[in-house]
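>>> generate a structure from the sequence data that follows.
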Amino acid sequence: MTKRRTQKQKISKERKPFKIIKHQNSSKKSREIKPNLQTEARNLQTQKNINQGKSSPKNNKEKESLFNDYYSQSLDNVFYTYSGELLEKYLEREKNKENLAQIDEEILKKFGITKELRKFSFKYLLEILKNYNIRGKLYFKTVSLFDFFLKLYSRNHSNEECSSFLLSKHDKHFSKSKLILFTLCCFFIINQTFNSQNFELRCLEKWDDENELNYDKLNELVYTILKEVECYIDILDQFDFLNLFLFDLNKKLKMVASDNIFINFFNQCVINFSIKMTQDICLNDIMPSAQSFGVIMFSLEYSKFMMKQNFKNDNANFIVENWIKKVKNIFVNYKSNDVKRVIHWLNNYVNTH
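Numbering: from 1, shown residues only. Model (predicted):
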């Protein structure tokens, strides 16, 4: 652990709110991942065959038929042997809404939190994570823990206890500082659980001049969060489905993509659009699976529109269309209206930003 900082610090672009400590590997020599030479050889041969097919117009229809058969079988083999099974498990967990962090405006009001304040706290969190280049999973999991705690606390405690939860110790009014500290404590818990980096809780003690929470109170708040959620940290959320969908879909696209420009752009769109959705509560009544599927479908079309020069591949279109069909087949209770609501929201967001 590092020594406690003695000077008072304000959060600014030049000064970060807490110090990240990287855990060092026990071995000085880093392990190199050896390429799978056999796989590489097969890929080169596949590319060679495709190139040869382009120079033989007479066999185009036959080769196209073989291509469709091959990739249809590939979709079954890959998706149903790994991603499909995991998706079914997620969908089964999703059936019990008690496992989800769905929150509404009524719950927020009990704590004196408005939709704008909730969005403000998550934007603040996002800026911090960007400063430290921390992966997006921790953002989504922090948001889920934030909402999940408020949902349970509002159910298990009186309105008076909820309304006083974020009041300032100085004037007994709602405290933005306390809201941010609560958000960062949620992140602290998630970071301790999922990340290979760490930061000291003491760094939050004097992150501004208001001194709302000392170190003991911060520890108490962390304990309160863990106790209320009964240490249930890995809350099923939008990111779990996104991660699964992207893992599977990226494998398909890489089979036919000439470069990674389109794939990288598409992946970035998925994460960015999903982050924007988490900052708004108007779609929180929709299941995470439908939210994620809607984001994937919208991001695909948006990426194809924005990256026309890098997406001129009929084979990729074929893969995407069949992939969507395969996923829908697994969704036993697929609700097209929910997916349409997500797409409509994203379309409005793009048109207004």
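>>> L138: neighbouring residues, count only.
By other Cβ atoms under 10 Å, 20 other residues sit near L138. Just so you know, the C-beta spots here come from the backbone N, C-alpha and C atoms, and that holds for glycine as well.
>>> which parts of stretch 159-177 are buried?
Under the neighbour-count criterion of 16 or more other Cβ atoms under 10 Å, stretch 159-177 has C162, F165, L166, L167, F174, S175, K176, S177 buried.
>>> same thing with stretch 293-303?
The neighbour-count check on stretch 293-303 (16+ other Cβ under 10 Å) flags F293, G294, V295, I296, M297, F298, S299, L300, Y302, S303 as buried.
>>> ok, the third one - contacts?
Taking Cβ atoms under 8 Å, 6 or more residues apart in numbering as the contact definition, V295 lies against Q238, L242, V270, F273, S274, M277, V342, L346.
>>> repeat that for 10 Å
Applying Cβ atoms under 10 Å, 6 or more residues apart in numbering to V295 gives the contacts 238, 241-242, 245, 269-274, 276-277, 339, 342-343, 345-346.
>>> quick one: it from L249, how far?
V295 is 12 Å from L249, where distance means Cβ to Cβ, to the nearest Å.
>>> likewise for the fourth one?
According to Cβ to Cβ, I296 and L249 sit 7 Å apart.
>>> make a PyMOL selection of whichever of the contacts of V295 turn out to be buried.
In PyMOL, the members of these classed as buried (16+ other Cβ under 10 Å) are selected with the following command:
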select buried, resi 238+241+242+245+269+270+271+273+274+276+277+339+342+343+345+346
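>>> my guess is Q238 meets P288, correct?
Yes. When contacts are counted by Cβ atoms under 10 Å, Q238 is listed as touching P288 (4.6 Å).
>>> shared neighbours of those two, anything?
Common neighbours of Q238 and P288 (Cβ under 10 Å, 6+ apart) are A101, F140, S144.
>>> which of those has the largest number of neighbours?
The member of the shared contacts of Q238 and P288 that has the most neighbours, counting by other Cβ under 10 Å, is S144 with 26 neighbours.
>>> thought it was touching F194?
No. Between S144 and F194 there is no contact under Cβ under 10 Å: 11.7 Å.
>>> joint contacts of the two?
Jointly contacting S144 and F194 under the rule Cβ under 10 Å, 6+ apart are I233, D234.
>>> which ones are touching V350?
Applying Cβ under 10 Å, 6+ apart, one finds that V350 lies in contact with C269, F273, K276, F298, Y302, M306.
>>> secondary structure element holding the fifth one?
Per DSSP states H and E, Y302 falls inside helix 288-306.
>>> and after that helix, which helix or strand comes next?
Next element after helix 288-306 (DSSP H and E): helix 314-330.
>>> how far out from the middle of the chain is the helix or strand following that following helix?
Per DSSP H and E, the first helix or strand lying C-terminal to helix 314-330 is helix 336-352. Between the centre of helix 336-352 and the centre of its chain there are 18 Å (Cα atoms, centre = their mean, to the nearest Å).
>>> ok, stretch 163-178 next?
Using Cα atoms, centre = their mean, the mean C-alpha position of stretch 163-178 is found 30 Å from that of the whole chain.
>>> how long is that stretch end to end?
Stretch 163-178 has an end-to-end distance of 13 Å (criterion: Cα to Cα, to the nearest Å).
>>> state the mean pLDDT of the strand or helix carrying L246.
Under the assignment given by DSSP H and E, the secondary-structure element containing L246 is helix 238-254. In this model, helix 238-254 has an average pLDDT of 91.
>>> now do stretch 300-310
85.
>>> ok, back up a step: now the helix holding Y302: how far from the chain's centre is it?
For helix 288-306, the separation from the chain centroid amounts to 14 Å (computed by Cα atoms, centre = their mean).
>>> compute the inter-axis angle for it and helix 314-330.
170 degrees (axes from the mean of the first three to the mean of the last three Cα atoms, to 10 degrees).
>>> what about stretch 295-311, distance to the chain center?
19 Å.
>>> same thing with stretch 275-295?
For stretch 275-295, the distance from its own C-alpha centre to the chain's C-alpha centre is 11 Å (Cα atoms, centre = their mean).
>>> list the buried residues of it.
Of all the residues in stretch 275-295, those buried under the rule 16+ other Cβ under 10 Å are 275-278, 281, 283-284, 286-295.
>>> tell me who's in contact with the nearest residue to K169 once chain neighbours are set aside.
Once its chain neighbours are removed from consideration, K169 has its nearest residue in E212; the separation is 6.2 Å (Cβ to Cβ, 6 or more residues apart in numbering). With Cβ under 10 Å, 6+ apart as the criterion, the residues that contact E212 are 166-170, 175-182, 204-205, 218.
>>> helix/strand/coil for E212?
Taking DSSP: H, G, I helix; E, B strand; the rest coil as the rule, one finds E212 in the coil state.
>>> per-residue pLDDT of it, please?
The score at E212 is 87. That number is its pLDDT.
>>> can you tell me the element the residue lying closest to K110 once chain neighbours are set aside falls in?
In space, not counting the residues next to it along the chain, K110 is nearest to C162; the distance is 4.1 Å by Cβ to Cβ, 6+ apart. In this structure, C162 is located in helix 159-164 according to DSSP H and E.
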